[in-house]
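Enquirer: return atomic coordinates for the entry below.
(2 chains)
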Amino acid sequence: DVKVTQSSRYLVKRTGEKVFLECVQDMDHENMFWYRQDPGLGLRLIYFSYDVKMKEKGDIPEGYSVSREKKERFSLILESASTNQTSMYLCASSSGQGGTNYGYTFGSGTRLTVV
Amino acid sequence: AQKITQTQPGMFVQEKEAVTLDCTYDTSDPSYGLFWYKQPSSGEMIFLIYQGSYDQQNATEGRYSLNFQKARKSANLVISASQLGDSAMYFCAMREITNAGKSTFGDGTTLTVKP
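Expert: The predicted model follows:
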């Protein structure tokens, strides 16, 4: 069964901490994405990556960075966590082949609370 | 301008009845894909159905069908014979050929199935 695995379902961190959210996929997908989901705001793209060591900013990259050292792993880093980063974080992957018929496979999400 | 618009924040349907969730989109790309995802209260996003812009037939997957009206730029999801387990948030998304693998999501519709 193909999977995208996020390391934590629930996380509580203190303001100012450096936070790592990990995502691993086993589908050999080229593309990986990090979204945050907030009530009334839908899914907002933070960062994405098309290949190892490549990254592109999404719509709301401020306060975040990413790392993709291996094809299967895409990490989201909150450099100095703040309370306004309390949210649900969703990782997704998709095939990088040409065409529009490749949807996302999502992880189960990480609910991060910053106190 | 919103690329994906879901105008129904919440919908109710009686068990065993059919329900239509609305989605309109905006693109100038000649080639694009439209997707619907389901997000139960557990948080994981689940792919439901895909429609390509060049597909002549409406997509169907079991109880799910996509009512694709290209001229009107709408891609409504129809769920037949609703079940209690269909209660969830539903997201419409679009992947454009020129948007390099990224999908754009609507704000979602919360569906509640009543017994």
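
Enquirer: strand partners of the least confident helix or strand in chain B by mean pLDDT, parallel vs antiparallel please.
Expert: Ranked by mean pLDDT, DSSP states H and E, the weakest helix or strand in chain B is strand B:103-105, scoring a mean of 90. Taking DSSP bridges as the criterion, strand B:103-105 sits next to strand B:88-96 (antiparallel) in its sheet.

Enquirer: which residues of the chain fall in strands?
Expert: Assuming you mean chain A. Defined through DSSP state E, the strands belonging to chain A, from first to last, are A:4-6, A:10-13, A:19-21, A:23-25, A:31-38, A:42-49, A:56-57, A:64-70, A:73-78, A:87-94, A:105-106, A:110-114.

Enquirer: my bad, chain B
Expert: B:4-5, B:10-14, B:19-21, B:24-25, B:32-39, B:46-52, B:60-61, B:64-69, B:74-79, B:88-96, B:103-105, B:109-114.

Enquirer: can you redo these as a markdown table with mean neighbour count?
Expert: From N, CA and C alone the C-beta is placed, and that goes for glycine too. Output for these, formatted as a markdown table (neighbours: other CB atoms under 10 Å in any protein chain shown):
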| stretch | mean neighbour count |
| --- | --- |
| strand B:4-5 | 19 |
| strand B:10-14 | 13 |
| strand B:19-21 | 19 |
| strand B:24-25 | 19 |
| strand B:32-39 | 24 |
| strand B:46-52 | 18 |
| strand B:60-61 | 12 |
| strand B:64-69 | 18 |
| strand B:74-79 | 22 |
| strand B:88-96 | 24 |
| strand B:103-105 | 23 |
| strand B:109-114 | 17 |
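
Enquirer: and those strands: which comes nearest A:Glu62?
Expert: Comparison of those against A:Glu62 by CB to CB identifies strand B:103-105 as nearest, at 19.8 Å.

Enquirer: check the offset of that closest one from the chain's centre.
Expert: Mean C-alpha position of strand B:103-105 versus that of the full chain (CA atoms, centre = their mean, to the nearest Å) differs by 11 Å.

Enquirer: then stretch B:93-113?
Expert: 8 Å.
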